[in-house]
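In: when you get a sec, could you give me coordinates for this:
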Amino acid sequence: MNIEFNKNEDINKQLAFHVKSRLKQIYKGGGEKSAAKQKEKGKLLARERIDYLIDDNSDFLEIGAFAAEGMYEAQGGCPSAGVVCGIGYVSGRQCMIVANDATVKAGAWFPMTAKKNLRAQEIAMENRLPVIYLVDSAGVYLPMQDEIFPDKEHFGRMFRNNAMMSAEGIVQISAIMGSCVAGGAYLPIMSDEAMIVEGTGSVFLAGSYLVKSAIGEDIDNETLGGATTHCEISGVTDYKHPNDQACLDSIKKIMSMLGAPEHAGFDRIKPAMPKADPKELYGILPENREKPYEMLDIIHRLVDDSEFEEYKQLYGQSIVCGLGRIDGWAVGIVANQRKVVKSKKGEMQFGGVIYSDSADKAARFIMNCNQKKIPLVFLQDVTGFMVGSRSEHAGIIKDGAKMVNAVANSVVPKFTIIIGNSYGAGNYAMCGKAYDPRLIYAWPSAKIAVMGGAQAAKTLLQIQVASLKAKGETITPEKEAELLRETTDRYNSQTTPFYAASRLWVDGIIDPLETREVISMGIEAANQSPIKKAFNVGIIQT
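Out: Next up is the predicted model:
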């Protein structure tokens, strides 16, 4: 091990530790006082409910833990967007769990809460995962109702998804464990089965105060929409339970009786750990995001037995393609090569850049994986497509479009891990969020933007300086340097994985050592959804 390796290792371990430290703070939800109030009512907290529900010693893959971080400071913050979502195992069955966090604004729905719930439902629908809703919410956060209520991807889309999943035979079970008000009341009742906790659970379109205001009727919330009312009078709910634990036990029992899902048939053998030590990932990835490194060194620490069958090894070398296994699952890997390579034609290809031959190779490989029914894994560290006259004359736009076409029309499940840079059209070609990866996670070293910080800041500075000069202002060298520094800092703050994760551009930020587990759980989920659509590309096929 050399000094550079040790320096990289220290930096990347610090980044991973920083992620875990921020997660610990997020896991506190609305804080100790809010948690104590929930406890006084005899309720479990959202994460405690999930821990009780999932199988002992099983994994829980959280979706959107960083959602809304730093976005609603004026409203007092909204950790994890006020809802905990993830893929877990209940009675041996993999499912999507969605639990409102009542310690955060009484579980009210912010705009990012809706976006996160829709992402959870999207994952469930794509993979035909049963959904368990643990409902405890005061409904829409009224001061921001215009940003959550009326649009296509807003609050109402969830109920549309409820209806579609039910029609498609995707099981949905809801537990009303606290408030369930107004439009939010439809979510549990549009599920296939609904249960309610006595004394704490309630569901109604309008609470007692609004009823009094609207029609003058005096009635308490329990009589209006409590467990006794809905289990004995209205028939709205199907089961009544004395406490959270009994309610969660009932869900476990129901889940234990579900019929086995139809499988897609993705190939899996007995898993094996990589022969190359995965812990060395920390030292391989350079501290400087522009510095070259060997992507195969990363791949060999992710795949079983460190075995990787490389496709077109000596052609289009700025992208690495090949077959391997991750936790036993057969996968096709498409990764950006970060070292500088020399083609057989004698041309130098720079790390992280997609060239015409690389795009052509990747497109062909993606087609092959679709033909063989092999899931795809994209490892992103890309600065974009190559520019300049040589590339334009070689047809970089055509070849790039061919690759994007193959990614967009791929029918096998896709999983994206952003290792380093994810810039411009490279983000698209390497299966960014817009191209429907089943899961997309970032390492702490990731950077996501339309272009690198230095180039973007200089471009933005030129625009800003021109605007100020047009207004008659004099720009001194000192002023220009100050503007550049401010612009660079602002732009760089928007390229971090935390900024991306807070807006759900990625499903989360993971320690590099968690990569195999994330991909394996993702393929296991995808294997419950048979492929029913034939692979076919559009007009650019040759």
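
In: show me where pLDDT drops low in this structure?
Out: By pLDDT under 70, the weakly predicted segments of the chain are 1, 183, 343-349, 387-389, 391-395, 452-461, 539-542.

In: scan it for its longest helix.
Out: helix 3-26 (DSSP state H).

In: identify each buried residue in that one, please.
Out: Asn8, Glu9, Ile11, Asn12, Lys13, Leu15, Ala16, Val19, Arg22, Ile26 (16 or more other CB atoms under 10 Å). Yep, even glycine has a C-beta here, placed from its N, CA and C like the rest.

In: same check on stretch 215-225?
Out: For stretch 215-225, by 16+ other CB under 10 Å, it's Asn221, Glu222, Leu224, Gly225.

In: can you check stretch 372-392 too?
Out: Quick answer for stretch 372-392 (16+ other CB under 10 Å): 374-386, 391.

In: which one of those residues is nearest Ala260?
Out: Of all the buried residues of stretch 372-392, the one sitting nearest Ala260 is Pro375; the distance, using CB to CB, is 20.5 Å.

In: what's the closest non-adjacent residue to the closest one?
Out: Nearest residue to Pro375, sequence neighbours excluded (CB to CB, 6 or more residues apart in numbering): Pro413, at 4.8 Å.

In: show me what contacts the one you found?
Out: Glu126, Asn127, Pro375, Leu376, Arg438, Gly522, Ile523, Ala526 (CB atoms under 8 Å, 6 or more residues apart in numbering).

In: which one of those residues is nearest to Lys339?
Out: Looking across these and measuring by CB to CB, the closest to Lys339 is Leu376, at 22.7 Å.

In: what's near enough to touch that closest one?
Out: Counting by CB under 8 Å, 6+ apart, Leu376 has contacts Val331, Gly332, Ile333, Val334, Ile366, Cys369, Ser410, Val412, Pro413, Lys414, Phe415, Cys431.

In: now for the closest residue to Trp109 other than its chain neighbours, how many residues are close by?
Out: Nearest non-adjacent residue to Trp109, counting by CB to CB, 6+ apart: Val140, 5.0 Å away. Burial of Val140 is recorded as 23 neighbouring residues (other CB atoms under 10 Å).

In: so Val140 touches Glu147, yeah?
Out: No - counting by CB atoms under 8 Å, Val140 stays clear of Glu147, with 9.9 Å between them.

In: out of the contacts of Pro413, which are buried?
Out: Using 16+ other CB under 10 Å as the threshold, Glu126, Asn127, Pro375, Leu376, Arg438, Gly522, Ile523, Ala526 are the buried ones among the contacts of Pro413.

In: tell me the two of these that are most distant?
Out: Maximum distance among those (CB to CB): 15.1 Å, for Asn127 and Leu376.

In: circling back: make CSV from the contacts of Pro413 and add distance to Phe66 and secondary structure to it.
Out: Shown next, in CSV, are these (distance: CB to CB, whole Å; DSSP: H, G, I helix; E, B strand; the rest coil):
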residue, distance to Phe66, secondary structure
Glu126, 22, helix
Asn127, 22, helix
Pro375, 25, coil
Leu376, 25, strand
Arg438, 19, coil
Gly522, 18, helix
Ile523, 24, helix
Ala526, 24, helix
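
In: in CSV, list those along with distance to Asp305.
Out: Formatted as CSV, the contacts of Pro413 follow (distance: CB to CB, whole Å):
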residue, distance to Asp305
Glu126, 30
Asn127, 27
Pro375, 18
Leu376, 20
Arg438, 25
Gly522, 21
Ile523, 18
Ala526, 23
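
In: just the closest of those to Ile215, please.
Out: Glu126 (43.4 Å).

In: OK, contacts around the closest one?
Out: Pro413, Asp436, Arg438, Ala526, Ser529 are the contacts of Glu126 under CB under 8 Å, 6+ apart.

In: inside strands: which ones of the buried residues of stretch 215-225?
Out: Among the buried residues of stretch 215-225, none falls in strands (DSSP state E).

In: could you dump those residues to JSON lines with distance to Val104?
Out: Output for the buried residues of stretch 215-225, formatted as JSON lines (distance: CB to CB, whole Å):
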{"residue": "Asn221", "distance to Val104": "21"}
{"residue": "Glu222", "distance to Val104": "24"}
{"residue": "Leu224", "distance to Val104": "25"}
{"residue": "Gly225", "distance to Val104": "23"}
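
In: between those residues, which is closest to Asp244?
Out: Glu222 (17.3 Å).

In: sorry, back to before: just the buried residues of stretch 215-225: which are in helices?
Out: Asn221, Glu222, Leu224, Gly225.

In: contacts only, for the third one.
Out: Which is Leu224. Ser202, Phe204, Gly207, Ser208, Val211.

In: what residues are bridge-paired with the second one?
Out: Here Phe204 sits in beta bridges with Val181, going by DSSP bridges.

In: now do the same contact list for it.
Out: Cys180, Val181, Ala185, Asn221, Leu224, Gly225.

In: ok, now which ones touch the last one?
Out: The neighbours of Gly225, taking CB under 8 Å, 6+ apart as the test, are Ser202, Val203, Phe204.

In: was I right about Met144 contacting Ala108?
Out: No - the criterion here is CB under 8 Å, and Met144 misses it with Ala108 at 9.3 Å.

In: looking at the two, which one has more neighbours?
Out: Ala108 (24 against 16).

In: for the more buried one, which non-adjacent residue is closest in space?
Out: Tyr141 (4.1 Å).

In: what's the answer for Glu307, then?
Out: Gly324 (6.2 Å).

In: hey, what's that neighbour bridged with?
Out: Counting by DSSP bridges, the residues bridging with Gly324 are Val331.

In: what distance do you get for it to Val334?
Out: 12 Å (CB to CB, to the nearest Å).

In: neighbour count: the two, which is higher?
Out: A direct count of neighbours by other CB under 10 Å for Gly324 and Val334 places Val334 higher, at 29 against 22.

In: which of the three states applies to the more buried one?
Out: Following DSSP: H, G, I helix; E, B strand; the rest coil, Val334 is assigned to strand.

In: which stretch of helix or strand covers the residue sitting furthest away from the middle of the chain?
Out: The outermost residue of the chain, judged against the average C-alpha position, is Gly472 (46.7 Å), by CA atoms, centre = their mean. Here Gly472 sits in a region with no helix or strand, counting by DSSP states H and E.

In: and it, what does it touch?
Out: Gly472 touches nothing, counting by CB under 8 Å, 6+ apart.

In: give the contact list for the residue nearest to Trp109.
Out: So Val140 contacts Ala108, Trp109, Ile148, Phe149, Phe155, Ala182, Gly183, Gly184 (CB under 8 Å, 6+ apart).

In: how about Pro274?
Out: When contacts are taken as CB under 8 Å, 6+ apart, Pro274 is in contact with His300, Arg301, Leu302, Val303, Asp304, Asp305, Ser306.

In: do that again at 6 Å, thanks
Out: Listed by CB atoms under 6 Å, 6 or more residues apart in numbering, the contact set of Pro274 reads Arg301, Ser306.

In: how about it, phi and psi?
Out: phi -60, psi 140 (degrees, to the nearest 10).

In: isn't the residue nearest to Ala108 right up against Phe110?
Out: Yes - here Tyr141 reaches Phe110: they are 5.1 Å apart, a contact under CB atoms under 6 Å.

In: for these two, indicate the residue with more neighbours.
Out: Phe110 (25 against 21).

In: hang on, that one packs against Gly139?
Out: No - in this structure, Phe110 is not within contact of Gly139 by CB under 6 Å, at 11.5 Å.
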